[in-house]
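>>> Turn this into a model:
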Amino acid sequence: VYCCGLNNFGQLGLPPSGIVYSLTAVPALSGMGISKIASGQHHTLALAAGPTAGAAPVVLSFGSTTYGRLGRAVTEQPVEGEENFSAPAVVSANLEGRPEDIAVGIGTSAAICGGDLFLWGCNVSYQLAKGDDDDDAQEPTKIRETKKFNGQR
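Down below sits the predicted model:
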């Protein structure tokens, strides 16, 4: 996997460095069987097959921790005491089922696992489908089926 662009929060999977002007290899993703990458404003998700043959796919996150957009347990400490994680790591165990797809917004993240939608991150505009609760979600939350979407995937 190669990347370029703004990297002030480690969102490229490289140590924070400002702007990366030319395509640069991301050693941490080497051999991970990356099938998809989705990038937000200051964070990135990657769908990975894993380092070993036959391993279950996982969702990795890296970049800014703001709003909980990485979906990682809050007990982790960012590199060098900053609010970022440049090293890709597995998103919270709250994701149930086999990861199938990923997407991100400016400060939000999403994954489809086992046919179910999980959302996390910034919820200032109610984009996490939590009703009138506008609190951010630090970890993935399974979206409950609503009458409108009942049974549809």
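>>> thinking L6 is in contact with S17, fair?
No: in this structure, L6 is not within contact of S17 by CB atoms under 8 Å, at 9.8 Å. Bear in mind the C-beta positions are built from the backbone N, C-alpha and C, glycine included.
>>> How many residues are close by G107?
Number of residues near G107 (other CB atoms under 10 Å) recorded here: 21.
>>> Return the distance of it relative to C122.
G107 sits 3 Å away from C122, taking CB to CB, to the nearest Å as the criterion.
>>> Repeat that for L47.
In terms of CB to CB, L47 sits 21 Å off from C122.
>>> Tell me where the model's unsure across the chain.
50-53, 73-83, 145-153 (pLDDT under 70).
>>> Mind doing that once more with 90?
16-18, 31, 49-57, 65-68, 72-87, 89, 92-98, 114-116, 122-139, 143-153 (pLDDT under 90).
>>> Show me where it has its strands.
2-6, 19-25, 34-39, 43-48, 58-64, 84-90, 99-104, 108-113, 116-121, 137-142 (DSSP state E).
>>> closest to K130 out of those?
strand 137-142 (7.3 Å; CB to CB).
>>> which of the residues in that closest one are buried?
A137, Q138, E139, P140, T141 (16 or more other CB atoms under 10 Å).
>>> How about the contacts made by the fourth one?
Contacts here follow CB atoms under 8 Å, 6 or more residues apart in numbering; on that basis P140 touches G71, V91, S92, N94, L95, S109, A111, F118, L119, W120.
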